[in-house]
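A.B. asks: pasting a predicted model and its sequence here:
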Amino acid sequence: MDSLLPPQLAADGAKGRLLEAAVELFAARGYHGVSVRDLTAHLGVQPSSLYAKYASKADLFSELVFLANEEIRNRMRSELLASDPRPDAQLAALVHANVEFHTTYPLFATIAHNDFAMLTESALHHVTASRKEAIDLMRAVIDRGNDLGSFDCPDPWTAIAAIAGFGIRLAVWYRPPDDTADADDGYAAEVQSWMGKSRSIEDLKTTYATYALRLVGWRGHTD
């Protein structure tokens, strides 16, 4: 099974195994559905093993939510900086980054958007800041597109909410065609069967970028 975390976030040894177990269980059951004993039993260790690394379950969960949202923001910023300066290319780059993260790491991405009430005060502050920075990146591109006449988007905030929702929902139902790790995920399997065919991540990136450009009233043409 591929790692549930991006390579730069995966840790060696006991902490790495704990983070992977936490991602798997929190994504499947939510914060309230997972106990410290569940986490440690999943690893075959005693609860004291978790407390040696985190003060509480909330601290572990908060770190994962923060890391996931920071990763989304960082990927969007990197893709934006590397893209063509045209507003349509920049918006497509932001969508590509968002879609790729949510389809490559769907369990980690699921944690990024749920159970915020369980975050520690410090984590909530940092998560909110990361999410705002990601939104601001997209808002700046849409505003510039409007100013240049490339876009016709009178309600940027609604467009941003819809575009962000692409990634959040992809994490719920999409699994790569060769991914057997989630064979027991009935909902994901059912949606894949409705589609009638397997979709690659690259295909989804292109498709959702096209939808995003339509949402903002791009005055060009999509391929």
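C.D. replies: Received the coordinates, thanks. Numbers count the residues shown, from 1 in each chain.
A.B. asks: helix or strand with the lowest mean pLDDT in this structure?
C.D. replies: helix 186-195 (a mean of 58; mean pLDDT, DSSP states H and E).
A.B. asks: how close does the spatially most central residue of the chain sit to A52?
C.D. replies: Nearest residue to the geometric centre of the chain (CA atoms, centre = their mean): A109, 3.5 Å. Counting by CB to CB, to the nearest Å, the gap from A109 to A52 is 28 Å. C-beta: built from backbone N, CA, C; applies to glycine.
A.B. asks: what residues are up against L50?
C.D. replies: 18, 36, 39-40, 57, 60 (CB atoms under 8 Å, 6 or more residues apart in numbering).
A.B. asks: for V127, pull up the helix or strand it's in.
C.D. replies: If you go by DSSP states H and E, V127 is part of helix 121-148.
A.B. asks: tell me what that helix is packed against?
C.D. replies: Contacts defined by 3 or more CB pairs under 8 Å, 6 or more residues apart in numbering; DSSP states H and E place helix 121-148 against helix 57-82, helix 87-104, helix 156-173.
A.B. asks: can you tell me which of the ones you listed is nearest to T210?
C.D. replies: Minimum separation from T210 across those (CB to CB) falls at helix 87-104, 8.4 Å.
A.B. asks: quick one: contacts of the closest one?
C.D. replies: 71-72, 75-76, 78-80, 82-84, 109, 137-138, 141-142, 144-145, 148, 150-151, 163-164, 166-168, 170-171, 174, 176, 201, 204-205, 208-209, 212-213, 216, 218, 220.
A.B. asks: and with 7 Å instead?
C.D. replies: Outside helix 87-104, the residues that touch it by CB atoms under 7 Å, 6 or more residues apart in numbering are 71-72, 75-76, 79-80, 83, 109, 137-138, 141, 144-145, 148, 150-151, 163, 166-168, 170-171, 174, 201, 204-205, 208-209, 212-213, 216, 218, 220.
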